[in-house]
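# Sharing a model that was predicted from the sequence below.
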Amino acid sequence: MVLRIVRLGTPRAADEGLRIGTVRRPPRGVPKAEFATRDWYDVWYPNLAPSVETMKLAQQAQQSQDPAEWQAFVKRYRAEMSTHDNSHSLDLLAALSQRTNFSVGCYCADESHCHRSVLRTLLQEHGAEIEPVQART
């Protein structure tokens, strides 16, 4: 069993399982009935998305390419994910990764400058079985 960290909207792996969108907003211009068939996500779970304010930090860091700004984003996002409810969500996903294949993702093209890179680390810290980055195609 494995948890994949994916870019939403990309083709699914054959055994990927349920795809969970950890994004603040649904994809623009896509009817809700087509989210799954267009490989966006099966379930929308914005609880694990950065807040709007924190997402603005990430966007600033992406534009400036300033490592200090990126670290400010990471620190703030990790603080958001350490709340009681979000920590339980991470525990749940980590436990599920021991029993079934599924994926979580975001829209960003570059995982290294996306909240899903931090989410990957958080899930690993909570004991999730995660597909290694190099194994993905």
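Right, received. Where do you want to start?
# quick one, strands of the protein?
3-7, 18-21, 43-44, 102-106 (DSSP state E).
# Nearest to residue 132 among the ones you listed would be which one?
Of all these, strand 3-7 sits nearest to residue 132, with 10.1 Å by Cβ to Cβ. Where you see a C-beta, it was placed from the backbone N, CA and C, and this is true even at glycine.
# relative to strand 102-106, how tilted is that closest one?
Orientation check (axes from the mean of the first three to the mean of the last three Cα atoms, to 10 degrees): strand 3-7 against strand 102-106 gives 30 degrees.
# Show me what strand 3-7 is in contact with.
12-13, 16, 19, 93, 96-97, 101-109, 111, 116-117, 119-120, 123, 128-131, 133, 136 (Cβ atoms under 8 Å, 6 or more residues apart in numbering).
# Ok, stretch 89-101 next?
1-4, 15-18, 20, 45, 47-48, 81, 102, 104, 122-123, 126-130.
# residues touching residue 8, list them.
Contacts for residue 8 (Cβ under 8 Å, 6+ apart) come out as 19, 21, 23, 27, 39, 40, 41, 105, 106, 107.
# hang on, I meant residue 12
6, 19, 39, 103.
# And the closest residue to residue 114 other than its chain neighbours, how far from residue 120?
Residue nearest to residue 114 in three dimensions, not counting chain neighbours: residue 108, with 3.5 Å by Cβ to Cβ, 6 or more residues apart in numbering. Computed as Cβ to Cβ, to the nearest Å, the residue 108 to residue 120 distance reads 13 Å.
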